[in-house]
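K.L.:
Give me a model of this one.
(one chain, ligands or ions: 1)
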Amino acid sequence: MRSLKREILASGLSALKGNGNIEPHTYEEVETIANDILEKVKCRPQFGIICGSGLGGLGDLVSNKEIIPYADIPGFPVSTVPGHAGKLIFGDLEGKKVVLMQGRAHLYEGYAVQRITLPVRVMKLMGVSVLIVTNAAGGINPEYSVGDIMIIKDHFNVPGFAAVNPLIGPNDERFGPRFPAASGAYDKEFRELAKQKAKELGYDAFVREGVYTCLGGPSYETVTECRFLRLVGVDSTGMSTIPEVLVARHCGMRVLGLSLITNKCIVEHDSKAFANHEEVLETARMRTNHLQALAAAIVKAIKI
Ligand SMILES: O=P(O)(O)O[C@@H]1C[C@H](O)[C@@H](CO)O1
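P.N.:
I've put the predicted structure just below:
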């Protein structure tokens, strides 16, 4: 066991090992990481929550907190971006046992896609069956306003067009099937529940349902890219989430996704406006209370 831990640490810089083939962490390695974490905390989580840019305030909702920094977990990718604290928080939320990721790692930070999704498999082997993913995103849909919350109903996997998919590489059936379906990834029942809770909270005016995409980042989209995304039916665009959702669905988790529209995408060539991370974090600060209330109401209502 001890040497396995050393190997996980040694492979910590990349999921790509020396022979050029893609070798994600093995089932045994993921199991070792999960068991190692569970030895450190009392909580046995059923819900996983991933917080997007500036949305780590969701962690304030958790009581009886037990906190582990990502840097203390072998193999975990460490977040390097403002608005991503890099802490794993265990505890109680609305009577449910949760593990919350305060921040995530992204492709543009230089991590392999298999590595940024490792935490999802670790969650699965810790007992998590429901994953709530959140992100900050630019509004592509012209009817969206800054501050809207979009319940994700589907995604458009742009990195997948270039064979960037976390499920590439050897498949271990203990995680899931070689060829998983990606349609229906965003649980219909959870989406209905989210809409119902939004209505009860009086959030109808700024809660939407739509299609999310991610590009690789870190540059924001060009005008032509935004126009293209609009044409194919995308409503919001970001730099994360899809790899996590693919891995979660592969291992049988049920998924709810929420995008906070932090900025409007630029669709005019001569526009003087520019997307920027300060605006993203500012909008996240403005909407954090609403997002917290919605997420808490949804967790409370989900029965597992
Ligand atoms: O982690 P998320 O997807 O919420 O972060 C978005 C995408 C980039 O990391 C950043 C750009 O402002 O926010």
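
K.L.:
Let me know whether the host helix or strand of Asn263 sits next to the ligand.
P.N.:
Per DSSP states H and E, Asn263 falls inside strand 254-264. No. Strand 254-264 lies apart from the ligand when judged by Cβ under 6 Å from any ligand atom; the minimum separation is 7.1 Å. (Glycine included, C-beta is placed from N, CA and C.)

K.L.:
Buried residues, the helix or strand that comes right after that strand. List them.
P.N.:
Per DSSP H and E, the first helix or strand lying C-terminal to strand 254-264 is helix 277-301. Of all the residues in helix 277-301, those buried under the rule 16 or more other Cβ atoms under 10 Å are 277, 279-281, 283-284, 287-288, 290-292, 294-299.

K.L.:
tell me, which of those residues make contact with the ligand?
P.N.:
Restricting these to contacts with the ligand (Cβ under 6 Å from any ligand atom) yields His277, Val280.

K.L.:
re earlier: quick one: the strand holding Asn263 to helix 277-301, angle?
P.N.:
Interaxial angle of strand 254-264 relative to helix 277-301 (axes from the mean of the first three to the mean of the last three Cα atoms, to 10 degrees): 150 degrees.

K.L.:
which helices and strands sit right next to strand 254-264?
P.N.:
strand 130-139, strand 149-157, helix 188-200, strand 207-214, strand 236-238, helix 242-250, helix 277-301 (3 or more Cβ pairs under 8 Å, 6 or more residues apart in numbering; DSSP states H and E).

K.L.:
make it 10 Å
P.N.:
Of the remaining helices and strands, those touching strand 254-264 by 3 or more Cβ pairs under 10 Å, 6 or more residues apart in numbering; DSSP states H and E are strand 47-50, strand 130-139, strand 149-157, helix 188-200, strand 207-214, strand 236-238, helix 242-250, helix 277-301.

K.L.:
Figure out how far that strand is from the centre of its chain.
P.N.:
The chain centroid and the centroid of strand 254-264 are separated by 9 Å, computed with Cα atoms, centre = their mean, to the nearest Å.

K.L.:
Equivalent analysis for stretch 127-135, please.
P.N.:
That offset, for stretch 127-135, works out to 8 Å (Cα atoms, centre = their mean).

K.L.:
Repeat that for stretch 75-82.
P.N.:
13 Å.

K.L.:
Show the model's pLDDT score for the closest residue to Ala284 other than its chain neighbours.
P.N.:
Nearest residue to Ala284 in three dimensions, chain neighbours excluded: Gly54, at 2.8 Å (Cβ to Cβ, 6 or more residues apart in numbering). For Gly54, the pLDDT comes out at 93.
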